[in-house]
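Coordinates for the following, if possible.
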Amino acid sequence: MRKRRLYWTLQVIGWSTYALINIVLQSGDPLDQGTESIRRQQLEVLIHTPILFLVSHFVIRRIVLARNWLKKDLGRIILPLLGVAIVLSAISTAVIYLIYSLFQAFVINEEFFLGVSLLAITIFTLFMIWITIYILYHYLESNNKSLQYEAAVNEMQLNQLKSQLNPHFIFNALNSMRALVDENPSKAKIAITQLSNILRNSLIMDKMRVVDFNEELNTVRDYLELESIRFEERLQIKFNIHDDSEKFQIPPMMMQTLIENAIKHGVSNLVKGGIVELNTDVENSVLKIQIRNSGQLVNGVIKKPKKEGGYGLANTKQRLRLIYGDEASFKIFNENDKFVITEVKIPQRI
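Presented below is the predicted three-dimensional model:
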């Protein structure tokens, strides 16, 4: 209904403006043609403007809709639209002059043909302007709907990915704490408190596309303290955080997921354990996050005993793509034969 009202509003305003401008300009008699000639020309404007109005709505619009040109590539319909405009301009000119002849007599001479030619060119120009506006409006509307649909799909996928992370993380955390219940009940209590802190933060952040870097860093620290209880001296932790990192926002649970991946598929598989380092750097308004851990990639895949690994990496890649598009990057590679580096680059503005 709103779209229909807008269409008719633009039709009436557009053609009325065209008629009004012509009548006002002719009233000044710039060519000194006399009062009678001016009135005749103004009458002609009042005659042919409604005709062009009707042709644009009942003929051009119906041709465009009937041939489904609004859904076709613009390059394929330019020539057909030009053809329609030329043919209808010629027909409209002939009809208009036929109506003019009912009110005045014409002398077929050079001046007559000049007047016909000028009117035909004017009508062709008006039809092309009308067609351009009509086609452009529908293309922009269609593109806007497509973008809205894509945004809705992206948001739905993000929510799905985030909802998958929490159960995955909780399962791994509870599994880590299971052994502590019998071996060291006091440490198990501490671990439960730390887990509750992490879960509280994750529930708050679950509804957000991005969170402040420091909030995510606090979650990572809590998680690593929880894991330190389980691994004891087998897990060494190092932080090297750039001061400007706090100015950035990142996807919630992203760093925690990558740290978890580094421990589960790197350090935990080594008899003597290993190191997990979290390093950040800022350059040209881009935050670089590097997670360096003991372990090794084999043929580009983390060496692990089970097939279930890699879930967190795939999740991270998808979320980065959905939020930042091509502006963010993710890669994982062997630094040498002892360490793996997971690197994420995130722009400052989304």
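
hey, which helix or strand in the chain has the poorest pLDDT?
The least trusted helix or strand in the chain, going by mean pLDDT, DSSP states H and E, turns out to be strand 301-302, with a mean of 52.

Next secondary structure after that strand?
Once the chain leaves strand 301-302, the next helix or strand it forms, by DSSP states H and E, is helix 311-324.

which helices and strands does that following helix pack with?
For helix 311-324, the elements it packs on are helix 110-183, helix 254-265, strand 329-334, strand 339-347, judged by 3 or more CB pairs under 8 Å, 6 or more residues apart in numbering; DSSP states H and E. Glycine gets a C-beta too; all of them are placed from N, C-alpha and C.

make it 7 Å
Counting contacts by 3 or more CB pairs under 7 Å, 6 or more residues apart in numbering; DSSP states H and E, helix 311-324 packs against helix 110-183, helix 254-265, strand 329-334.

thought residue 15 was touching residue 51?
No. The criterion here is CB atoms under 7 Å, and residue 15 misses it with residue 51 at 10.2 Å.

Compare these two (neighbour count), which wins?
Neighbour totals were compared for residue 15 and residue 51, and residue 15 leads with 19 against 14 (other CB atoms under 10 Å).

Per-residue pLDDT of that one, please?
Note on residue 15: pLDDT of 92.

Please apply the same query to residue 314.
pLDDT, residue 314: 79.

for residue 20, same thing?
For residue 20, pLDDT reads 92.

swap in residue 341?
94.

What's the local residue count around it?
As a burial measure, residue 341 scores 18 neighbours (other CB under 10 Å).

beta partners for it?
residue 292, residue 333 (DSSP bridges).

and the closest residue to residue 224 other than its chain neighbours, how many neighbours does it have?
In space, residue 224 comes closest to residue 237 once its chain neighbours are excluded; the distance is 5.2 Å by CB to CB, 6 or more residues apart in numbering. If you count neighbours by other CB under 10 Å, residue 237 ends up with 17.

Give the residue spans of the stretch 51-200 of the chain that score low on pLDDT.
Low-confidence segments of the stretch 51-200 of the chain (pLDDT under 70): 105, 107, 143-170, 172-173, 176, 179.

Where does the record place the domain boundaries for the chain?
Domain assignment for the chain by automatic domain parsing gives 2-147, 184-347.

gap between the two ends of stretch 175-193?
15 Å (CA to CA, to the nearest Å).

Pass me the low-pLDDT residue ranges in the stretch 251-350 of the chain, would you?
Scanning the stretch 251-350 of the chain for pLDDT under 70 picks out 299-312, 349-350.

same thing but 80
Counting by pLDDT under 80, the stretch 251-350 of the chain contains low-confidence residues at 298-312, 314-315, 322, 349-350.

what's the closest of the domains of the chain to residue 175?
When the domains of the chain are ranked by proximity to residue 175, the top entry is domain 184-347, at 9.5 Å, counting by CB to CB.

Could you give me the buried positions within stretch 51-68?
Buried positions in stretch 51-68, judged by neighbour count with 16 or more other CB atoms under 10 Å: 52, 53, 55, 56, 59, 60, 61, 64.

er, stretch 336-344 I mean
339, 340, 341, 342, 343, 344.

before we move on, back to that, which other helices and strands contact the helix or strand where the residue nearest to residue 224 lies?
Assigned by DSSP H and E, residue 237 belongs to strand 235-240. Helices and strands touching strand 235-240, by 3+ CB pairs under 7 Å, 6+ apart, are helix 213-231, strand 274-283.

cutoff 10 Å now
Here strand 235-240 touches helix 213-231, helix 254-265, strand 274-283, strand 286-294, going by 3 or more CB pairs under 10 Å, 6 or more residues apart in numbering; DSSP states H and E.

what's the angle from the second one to strand 286-294?
Using axes from the mean of the first three to the mean of the last three CA atoms, to 10 degrees, the inter-axis angle of helix 254-265 relative to strand 286-294 is 20 degrees.

and helix 254-265, how far from the chain's centre?
Centre-to-centre, helix 254-265 and its host chain are 29 Å apart (CA atoms, centre = their mean, to the nearest Å).

One more: the third one?
For strand 274-283, the distance from its own C-alpha centre to the chain's C-alpha centre is 31 Å (CA atoms, centre = their mean).
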